[in-house]
Each structure stands twice: as structure tokens, then as C-alpha cells.
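Peer 1: Sequence plus the predicted model coming up.
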Amino acid sequence: MRPRCVAVVTRDPALYADLVGDLRERRIPTVSLVPGERIPERAAAVLTTPTEAASIHHPNVVPVPPDADRTALWALVEALLRAAGPGELVLGIDPGPRPGYAVVVGESKVAGGNLETPEDVVRLGHQLKRAFRGRSFRIRVGSGDRPSRDRIVNALSGLHHPVELVNEAGTTPRGRRRPRDAMAAATIARIEGRPISGRVPVAITPGDIANLQRLSREHSGGRLTISRTAADRVLRGELTIGEALEVRRSRRVEAGALAPTRRARAGESS
């Protein structure tokens, strides 16, 4: 049973409004205080500014800088609410053009979603390590979608954290893609994998390109399919799938604008 609330203790109106809005959106019970006021025992965590943190007495004071990464922040808050205990922090990754991720502490999944690119795994890893100071940390990457998987492995090669490759057969549930990615990532996080290190070559096959073109149709609601050249660039990390779709959309609009002019010229020449 998770503790009852999070305390927002600050005199900073901007941070207060920002945090309370996010807490309400997440349906997390909140108590609002200023430094010096008594913090109730039911508060699992205290959110405050870095300058006010030193004056607050509570076992779980979380300073929130203006530029703090909110994914890592809310993962930490959720772990404190769930009293997740001293278990290992594991970041599970379901590879793809927009990889699914899940943050697991002990037996509790405390965050999940999708990243914009495979390389964003490194940024998220750094932010989680900073938020969960002193906790052992490892990253588990699913074995599927080889081009994205290899990009993730290469991006992680410079980090000083254990990285494991997990056989992800049977980890993907049925359903809509984005929640499905995060659910698969949570399963991957809980499976022991094979330790890996160093860089690997990124090999792209015609099947990889065809699969990404299929994904581009999914992302655009069936309206657009990116070219093979654009798909290859996305798989190599030169474009995001969103950027490739925007290029395709712009070219279609330009082609539509030119069509009447071409028809008019054809009529003039007849």
C-alpha cells in the first residue's frame, strides 16, 4: 500500500504551480506548505527548490532544479510513494525507432513510455542515475529490431553501467503500439540477459526498411509512407521518423500545389 501524499514545500510560485499541476494530473495526493511548517507523517516525499532543501527536515527531500528532467523526477517520486525499498534500479528498453522504456525498482514499475530516438536512452540513463543516487543500476535491452538495438548498444558503450541483451521473444503484448512498447520494456527489465560491451556495426536489411515504412504508415494514421531512402536514414540515426514524415508531407503538399499549374499549362498548349 503506497504512502498517502507528496508535500510541495516552497515559496517559489513558479515551481509550486508547475509541480502541483503535474501532481494533480497524475492524481497524486498533495499537501502544500512553506518551509518551516510541519510536514505530515503521511508525506512520502518532499519536493522543493535546491536553495530551500537544506532547511527542510524529512528523510526524502527531493530538490527540483528548474531544468530537472521530469521523467526521472516522477520515477523517483513514484518509487518513494510505493516504498519500493533498496532494490536495484533497472532501465528496460524495447528497441524501435521510438524505443519503449520502463523503469523498475525492485519489483515495482515506476515509469514507462517512449523515447524519441534510440540515442535518447543515454540521456535518460544519466538522469535516472542522478535522481536515484547511491542505488545500483543496470540497463537491459531487448534483442529485437536489430538496427535500433545496435544503435542503442553503441550509444551506451561509453556509460559505466552494466548493459545486458535480453531475448525478448514473447515479451510484447497485443494492443496499441505505444503502451505495448512500455509494457514490453517492463518485461525486458525483469529478465536477466547476456552482458554486452563495446560497439557493434549497424546492419540494415531490406526487411528493416520495409518494416520502418510500415511503422511510418502507423504513425501517420495510414496517410503517408516514407521513401526507402528516408527509412534508411532514420535507421542510421540521421533523421527521426517524425522528421521523415514531415519531409514526406511537405513534398506531397508541394506536389499538390504544382498540379493545377501543370494542368493549366497543358490546357494552354492544346
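Peer 2: Noted; the coordinates are in hand.

Peer 1: use CA for all of it now, contacts and neighbours both
Peer 2: OK.

Peer 1: Quick one: low-confidence residue ranges for this protein.
Peer 2: 1-3, 170-179, 257-270 (pLDDT under 70).

Peer 1: and it, what are its domains?
Peer 2: Per automatic domain parsing, the structural domains of the chain span 5-68, 70-202, 204-270.

Peer 1: Let's have those domains in JSON lines, adding mean neighbour count.
Peer 2: Formatted as JSON lines, the domains of the chain follow (neighbours: other CA atoms under 10 Å):
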{"stretch": "domain 5-68", "mean neighbour count": "16"}
{"stretch": "domain 70-202", "mean neighbour count": "19"}
{"stretch": "domain 204-270", "mean neighbour count": "15"}
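
Peer 1: what's the spatially most central residue of the chain in contact with, if anything?
Peer 2: Residue closest to the average C-alpha location in the chain (CA atoms, centre = their mean): residue 115, at 3.6 Å. Applying CA atoms under 8 Å, 6 or more residues apart in numbering, we find residue 115 in contact with 98, 99, 100, 101, 121.

Peer 1: Mind doing that once more with 6 Å?
Peer 2: Going by CA atoms under 6 Å, 6 or more residues apart in numbering, residue 115 touches 98, 99.

Peer 1: can you tell me how far it sits from residue 168?
Peer 2: Using CA to CA, to the nearest Å, one obtains 18 Å as the distance from residue 115 to residue 168.

Peer 1: Could you do residue 113 as well?
Peer 2: 17 Å.

Peer 1: and if you look at residue 75?
Peer 2: 24 Å.

Peer 1: now do residue 243
Peer 2: For residue 243, the distance to residue 168 - CA to CA - is 28 Å.

Peer 1: now residue 157
Peer 2: Distance from residue 157 to residue 168, counting by CA to CA: 21 Å.

Peer 1: same check, this time on residue 40
Peer 2: 44 Å.

Peer 1: Could you do residue 132 as well?
Peer 2: Applying CA to CA to residue 132 and residue 168 gives a distance of 26 Å.

Peer 1: Residue 73 too?
Peer 2: 28 Å.
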